[in-house]
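In: Need coordinates for the below:
(one chain, ligands or ions: 1)
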Amino acid sequence: MSKPTDLGKYRKAKRKETAAGKTLCQRGFHKWQFDGRKQFDVKLGKLISVERCTRCGATRNHIA
Ligand SMILES: [Zn+2]
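Out: The predicted model follows:
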């Protein structure tokens, strides 16, 4: 029972999933999720919340 096919298949599927996600990210379709942090933007003089893409790890600021 040491056939690596199942694991290989799983990894391949996983890679495909990641690749698809990356493509989406490259097109600007990130999967934003609230990071749970809030920062004070000095330039704006406002409190902003940080959102992070669960796929590529990119962050964006969202004015609270
Ligand atoms: Zn992304």
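
In: Tell me where the chain has strands.
Out: 32-41, 46-53, 59-63 (DSSP state E).

In: how much distance is there from the last one to the middle of the chain?
Out: It refers to strand 59-63. Strand 59-63 sits 13 Å away from the centroid of its parent chain (CA atoms, centre = their mean, to the nearest Å).

In: which outside residues touch that strand?
Out: Outside of strand 59-63, the residues within contact range by CB atoms under 8 Å, 6 or more residues apart in numbering are 30, 32, 35, 39, 41, 44, 46, 48-53. Where you see a C-beta, it was placed from the backbone N, CA and C, and this is true even at glycine.

In: angle of the lowest-mean-pLDDT helix or strand in the chain against strand 46-53?
Out: The weakest-scoring helix or strand in the chain, judged by mean pLDDT, DSSP states H and E, is helix 5-26 (a mean of 84). Following axes from the mean of the first three to the mean of the last three CA atoms, to 10 degrees, one obtains 140 degrees for the angle between helix 5-26 and strand 46-53.

In: check whether helix 5-26 contacts the ion.
Out: Yes - Helix 5-26 lies within reach of the ion by CB under 5 Å from the ion, at Cys25.

In: Let me see the residues that make contact with that helix.
Out: Under CB under 8 Å, 6+ apart, the answer for helix 5-26 is 30-31, 53, 55-56, 58.

In: Can you give me the distance of Phe40 to Ala13?
Out: Note on Phe40: its distance to Ala13, by CB to CB, to the nearest Å, is 43 Å.

In: Repeat that for Arg60.
Out: From Arg60 to Ala13 the distance is 29 Å (CB to CB).

In: Comparing the two, which shows the higher neighbour count?
Out: Between Arg60 and Ala13, Arg60 has the larger neighbour count (other CB atoms under 10 Å), namely 13 against 10.

In: quick one: that one from the ion, how far?
Out: Distance from Arg60 to the ion, counting by CB to the ion, to the nearest Å: 10 Å.

In: Show me what that residue is bridged to.
Out: On the basis of DSSP bridges, Arg60 is bridged to Glu51.
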